[in-house]
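In: Test case, fold it:
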Amino acid sequence: MASHIGTRPITVPEGVTVTIKDGIVDVKGKLGEDSYTLPSGISAKVEDGKVLVSTLDDANETRAKHGLSRAIIASLVEGVTKGFEKKLEIVGTGYRVAPKGTGLTFSLGFSHTIEVPAPEGIKLTAPDQTHITVSGIDKQKVGEIAAQIRRLRPPEPYKGKGIKYEGEYIRRKAGKAGK
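Out: Numbering: from 1, shown residues only. So this is what the prediction gives:
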């Protein structure tokens with residue numbers, strides 16, 4: 001049985017070129033270029049402006065990677081056309097962020113400031129002192145950098161102070177009950 005996700009064709013928008021050679025999928029668009037190496041047992045081809053991903057055999061491992069490969073190629077195409085971004089917000093008195101070069105400097109209640117340099121292909125911006133935007137063309141990298149920034153000071157459950165994703169719900173706990 002084939003993967004439900006893996007059998008769906010990926011529509012290639014105008015202005016994006018997808019080339020497949022020796023098991024490597026190269027995607028170029030207006031925001032940049034990215035590539036993905038197909039796992040063994042998976043093949044892809046470009047036909048009529050669509051990318052079709054298929055399996056070469058019916059092994060369990062191959063079938064498991066079918067949908068994954070299709071999803072990764074689809075996110076490459078989306079990344080070079082629209083890009084990806086994650087927004088974070090800082091909650092807490094005296095907690096703030098400031099841009100420094102291509103990276104950011106955080107004041108999070110520690111005795112020192114924390115500097116986070118922007119990795120290659122990732123853009124870190126701070127529209128104000130309590131909001132951070134991580135953007136780039138690689139979905140995995142954007143999510144990883146956003147998670148690393150959140151890990152600097154995760155939100156605590158009593159007052160909700162810390163760095164959280166925009167719109168993230170923090171489950172609160174009741175504090176000590178007085179007499």
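In: Domains in this structure, by residue range?
Out: The domain map for the chain lists 10-81, 84-165, with the assignment taken from automatic domain parsing.
In: Let me have those in TSV, adding mean pLDDT and distance to R171 as columns.
Out: Bear in mind the C-beta positions are built from the backbone N, C-alpha and C, glycine included. Shown next, in TSV, are the domains of the chain (pLDDT from 0 to 100; distance: least, C-beta to C-beta, whole Å):
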stretch	mean pLDDT	distance to R171
domain 10-81	92	30
domain 84-165	94	6
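In: now the ones you listed in JSON lines, with mean neighbour count?
Out: Shown next, in JSON lines, are the domains of the chain (neighbours: other C-beta atoms under 10 Å):
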{"stretch": "domain 10-81", "mean neighbour count": "16"}
{"stretch": "domain 84-165", "mean neighbour count": "16"}
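In: longest helix of the chain?
Out: Looking across the chain with DSSP state H, the single longest helix is helix 60-81.
In: for it, packing partners?
Out: Here helix 60-81 touches strand 10-11, strand 24-29, strand 32-37, strand 42-47, strand 50-55, helix 139-151, going by 3 or more C-beta pairs under 8 Å, 6 or more residues apart in numbering; DSSP states H and E.
In: Kindly reformat those as JSON lines containing distance to I114.
Out: Shown next, in JSON lines, are the helices and strands packed on helix 60-81 (distance: least, C-beta to C-beta, whole Å):
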{"stretch": "strand 10-11", "distance to I114": "39"}
{"stretch": "strand 24-29", "distance to I114": "34"}
{"stretch": "strand 32-37", "distance to I114": "28"}
{"stretch": "strand 42-47", "distance to I114": "41"}
{"stretch": "strand 50-55", "distance to I114": "41"}
{"stretch": "helix 139-151", "distance to I114": "9"}
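In: and the closest residue to K87 other than its chain neighbours, what is it in contact with?
Out: Using C-beta to C-beta, 6 or more residues apart in numbering and skipping the chain neighbours, the partner closest in space to K87 is E166 (4.0 Å). Counting by C-beta atoms under 8 Å, 6 or more residues apart in numbering, E166 touches 87-89, 131.
In: Kindly recompute the last result at 7 Å.
Out: Residues near E166 by C-beta atoms under 7 Å, 6 or more residues apart in numbering: 87-89.
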